[in-house]
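Chemist: Attaching a predicted model along with its sequence, questions to come.
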Amino acid sequence: MARYFKNPDSDQVDEVDAFQVLAILFLGVIYLFFAELWRHLLIWPGIVAIGLVAGP
């Protein structure tokens, strides 16, 4: 089931489905860069750092 999000800055509508979720899980920063999700790209290293500090 796809979801649609509208970017308030550019009025661009993006569709998010299972492919995008899997792409972020397996490709991480590469997907975020090519999808031009700059805010998420800045947040991602912080989340990874917290995960590394917290440990398994």
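Modeler: Received the coordinates, thanks.

Chemist: now what about the longest helix seen in the chain, what contacts it?
Modeler: The longest helix of the chain (DSSP state H) is helix 38-54. Outside helix 38-54, the residues that touch it by Cβ atoms under 8 Å, 6 or more residues apart in numbering are 28, 29, 32, 33. Every residue, glycine included, has its C-beta placed from N, CA and C.

Chemist: Neighbour-wise, which one of the residues you listed leads?
Modeler: residue 32 (19 neighbours; other Cβ atoms under 10 Å).

Chemist: That one: what's it in contact with?
Modeler: By Cβ under 8 Å, 6+ apart, residue 32 lies in contact with 24, 40, 41, 44.

Chemist: what's the burial count for the first one?
Modeler: Residues lying near residue 24 (other Cβ under 10 Å) number 18.

Chemist: What helix or strand is it located in?
Modeler: Using DSSP states H and E, residue 24 sits in helix 18-27.

Chemist: still on that earlier bit, just name the closest of the contacts of helix 38-54 to residue 7, please.
Modeler: residue 32 (14.8 Å; Cβ to Cβ).

Chemist: Thank you, goodbye.
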